[in-house]
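Visitor: got a structure for you, letters missing:
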RNA sequence: GCGCUCGUAGCUCAGUUGGAUAGAGCAUCCGCCUUCUAAGCGGACGGUCCCGGGUUCGAAUCCUGGCGGGCGCGCCA
């Protein structure tokens, strides 16, 4: 529709030029925007404002000339000049009504498009190391990453969800030693309790399971407890599997699934880390200093050079990171989105610099990053510092158990990733009924219940007849709903393109509000059969759009509440 | 100190890449259930869009300088 209007305006300007009434250069782009206030029509253009200077006439005068010269169109009921010189377009009612038919016809596919068709994209998210249960911060990553993946799927992309973690290394050693200490009956208060050991109660559970020979299975591994407190390596294997399993359960409760679990250790085992190192050395971007091997990342925009191999001989985390991303590239992902907490923003430049140094033809801005700001957790008016070592935890699972999957997902996905968010546990519990997600779900349930009432009253409705009577929908609240529904595909596309799922959440709240207002003001099950039919068609369309949007957020759409 | 990021109503947050009178929810106050679900609706109250300059027809939005919060700056991951 916007393209259509720019075409009309272009024609009008060309005609004015030809007639010599004005002399302006045709702009490269004519901007058409949606109006905020219904009194300003449906769409508006600022073209007269931007061209007034060049045309040497007042904007309103130019706008008047353009309007007079606009070709006749059945799509537009009227135009109007407003404010400093905006041209407001009022669309024909038939145009507005057609959205109802479109929604019902496309069903679950309404809002989807094919801009990503034939292309694959990898979304990496959560990527928590198996040293403890997932906390609220991971939850935000899980909600955002999964919603971004769903948005990409809705816009035609083929999406692979990936979870990367380290199953060896220092953190994992520490985990193993912590479990071992528990196996030996030690507690944090004991003298021989290892330094830096994890104190959480879950460590004790793992130790007990290990000692009693439990078979633990995670989505990507399965290990039996060996029962030997001296076998640190067996403890490590078992502990990693146990915590992976716990995380699986957390993710499952949250409605998140992964296609690939990628182990950092596999990069070492396959020789990919060394191969990456060799390539970097051969490419001539490395140097030795103080016994360590450095990569000159400053050549690629970093603010300081980075060590790859320590003077002691081991590799820093930086090198496997580069190897991992090179691996992603070699797997053929021309597009990769990494969803991470903002505390990792330092790695963005580093990893990209490392990839550039490989000279593998990887674009400079690859991979993409979506960094969410930190979640601060408040309880009893005080900030809860999350510390694995202290066992001070606000686990994702607790949250799901207490306020529910839907409310938690909505809460964590409904804010822009770039905004810090405060999760007040007490408030979340007290106000769980005031969570906007229920407001949206309630609108869906209400729409469903109207159809149940229809059956109860022994009435019937056909979509065909309902659509035939759409011209009877003349109330302001009905127009508002139809306008809002027509926007849905744009919202989905924008949210997908910008990796901002919160746009869908905000939109759904607005649509639900329009629906509730209409529901309160007018009876859908009117005595008038034709009007009833048309309103039921509108209700069915709203129900569909709400369901589609909630699905993008991974939130259920209940038929009754 | 340097880098990234954010700053909008008492609180939590939107604001469609520069548009018209800056919007929601919660909280507070006043109304609405013998009629399709009151987890709802209508109304009121509430603003120095952190501050100062700049760009232009027009700035919460872009540029610049401050102030304030968060995060990151290790041969830790």
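Guide: Thanks, I have it. These numbers were taken from a predicted model, which means no experiment stands behind them.
Visitor: list the helices and strands the top helix by length along chain A packs on?
Guide: As assigned by DSSP state H, the longest helix anywhere in chain A is helix A:529-553. Helix A:529-553 is packed against helix A:93-106, helix A:136-154, helix A:405-413, helix A:436-456, helix A:463-468, helix A:476-497, helix A:502-521, with contacts defined by 3 or more C-beta pairs under 8 Å, 6 or more residues apart in numbering; DSSP states H and E. All C-beta atoms are positioned from the backbone trio N, CA, C, and that covers glycine.
Visitor: mind listing the strands for the stretch 151-300 of chain A?
Guide: A:158-165, A:215-218, A:221-224, A:260-263, A:286-289, A:292-295 (DSSP state E, counting those that start in this stretch).
Visitor: adjacent strands (with direction) for the last one?
Guide: To tie it back to what came earlier, the one meant is strand A:292-295. Its sheet considered, strand A:292-295 pairs with strand A:286-289 (antiparallel), strand A:306-309 (antiparallel) by DSSP bridges.
Visitor: which one, of those, ends up nearest to RNA strand B?
Guide: Proximity to RNA strand B (C-beta to the nearest atom of the strand) singles out strand A:306-309 among the strands paired with strand A:292-295, at 3.7 Å.
Visitor: pull the residues that contact the closest one.
Guide: Here strand A:306-309 makes contact (C-beta atoms under 8 Å, 6 or more residues apart in numbering) with A:277, A:280, A:286, A:292-295, A:297, A:315-316, A:318-319, A:350, A:353-354.
Visitor: just confirm yes or no for that strand near RNA strand B.
Guide: Yes. Residues of strand A:306-309 contacting RNA strand B under C-beta under 7 Å from any atom of the strand: residue A:307.
Visitor: columns distance to residue A:66 on top of the strands of the stretch 151-300 of chain A, output as JSON lines?
Guide: Below are the strands of the stretch 151-300 of chain A laid out as JSON lines (distance: least, C-beta to C-beta, whole Å):
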{"stretch": "strand A:158-165", "distance to residue A:66": "44"}
{"stretch": "strand A:215-218", "distance to residue A:66": "65"}
{"stretch": "strand A:221-224", "distance to residue A:66": "67"}
{"stretch": "strand A:260-263", "distance to residue A:66": "55"}
{"stretch": "strand A:286-289", "distance to residue A:66": "62"}
{"stretch": "strand A:292-295", "distance to residue A:66": "58"}
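Visitor: out of those, the one nearest residue A:443 is which?
Guide: strand A:158-165 (28.6 Å; C-beta to C-beta).
Visitor: report the angle between that closest one and helix A:136-154.
Guide: 160 degrees (axes from the mean of the first three to the mean of the last three C-alpha atoms, to 10 degrees).
Visitor: partner strands of strand A:158-165, with direction?
Guide: Per DSSP bridges, strand A:158-165 is paired in its sheet with strand A:120-124 (parallel), strand A:260-263 (parallel).
Visitor: show the average pLDDT along the longest one.
Guide: Put plainly, it is strand A:120-124. The average pLDDT for strand A:120-124 rounds to 97.
Visitor: ok, residues contacting that strand?
Guide: A:145, A:148-149, A:152, A:157-164, A:328, A:331-339.
Visitor: let's see 6 Å
Guide: For strand A:120-124, contacts defined as C-beta atoms under 6 Å, 6 or more residues apart in numbering pick out A:145, A:148-149, A:152, A:157-162, A:164, A:333, A:335-338.
Visitor: by neighbour count, which of the residues you listed wins?
Guide: Within the contacts of strand A:120-124, residue A:145 tops the neighbour count with 29 neighbours, counted by other C-beta atoms under 10 Å.
Visitor: identify the residues contacting the residue nearest to that residue when sequence neighbours are not counted.
Guide: Setting aside the residues directly before and after it, residue A:145 is nearest to residue A:125 in space (C-beta to C-beta, 6 or more residues apart in numbering), at 2.6 Å. Taking C-beta under 6 Å, 6+ apart, we find residue A:125 in contact with A:141, A:145, A:339.
Visitor: the second one against residue A:338, yeah?
Guide: It refers to residue A:145. No. Using C-beta atoms under 6 Å, residue A:145 is not in contact with residue A:338; the gap is 9.1 Å.
Visitor: residue A:343 versus the residue nearest to residue A:145, what's the distance?
Guide: For residue A:125, the distance to residue A:343 (C-beta to C-beta, to the nearest Å) stands at 15 Å.
Visitor: so which of the strands of the stretch 151-300 of chain A is nearest residue A:481?
Guide: strand A:158-165 (31.3 Å).
Visitor: close to RNA strand B, is the closest one?
Guide: No. Using C-beta under 7 Å from any atom of the strand, strand A:158-165 stays clear of RNA strand B, coming no nearer than 9.0 Å.
Visitor: now what about that strand, what contacts it?
Guide: With C-beta under 6 Å, 6+ apart, strand A:158-165 has contacts from A:120-124, A:126-127, A:129, A:149, A:152-153, A:258-262.
Visitor: need the buried ones from the residues you listed selected in ChimeraX.
Guide: Here is the ChimeraX command that selects only those of these that count as buried (16 or more other C-beta atoms under 10 Å):
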select /A:120,121,122,123,124,126,127,129,149,152,153,258,261,262
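Visitor: for residue A:180, which of the strands paired with strand A:158-165 is the nearest?
Guide: It is, among the strands paired with strand A:158-165 and with distance given as C-beta to C-beta, strand A:260-263, at 22.1 Å.
Visitor: now that closest one: mean pLDDT?
Guide: Mean predicted confidence for strand A:260-263 is 96.
Visitor: cool, stretch A:354-373 as well?
Guide: The model assigns stretch A:354-373 a mean pLDDT of 92.
Visitor: list the buried residues in it.
Guide: Residues A:354-358, A:362, A:366-367, A:369-373 are the ones in stretch A:354-373 that count as buried (16+ other C-beta under 10 Å).
Visitor: can you put those residues in a markdown table and add secondary structure and distance to RNA strand B?
Guide: Converted to a markdown table, the buried residues of stretch A:354-373 look like this (DSSP: H, G, I helix; E, B strand; the rest coil; distance: C-beta to the nearest atom of the strand, whole Å):
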| residue | secondary structure | distance to RNA strand B |
| --- | --- | --- |
| A:354 | helix | 14 |
| A:355 | helix | 17 |
| A:356 | helix | 17 |
| A:357 | helix | 17 |
| A:358 | coil | 20 |
| A:362 | coil | 21 |
| A:366 | coil | 18 |
| A:367 | coil | 16 |
| A:369 | strand | 10 |
| A:370 | strand | 12 |
| A:371 | strand | 7 |
| A:372 | strand | 10 |
| A:373 | coil | 6 |
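Visitor: determine which two of these are furthest apart.
Guide: A:358 and A:373 (30.7 Å).
Visitor: quick check: the residue of the stretch 151-300 of chain A nearest RNA strand B.
Guide: Closest point on the stretch 151-300 of chain A to RNA strand B, by C-beta to the nearest atom of the strand, is residue A:290, at 2.7 Å.
Visitor: could you report the neighbour count for that residue?
Guide: The burial count for residue A:290: 8, using other C-beta under 10 Å.
Visitor: go on, residue A:144?
Guide: Residue A:144: 26 neighbours (other C-beta under 10 Å).
Visitor: residue contacts, it?
Guide: A:339, A:372, A:417.
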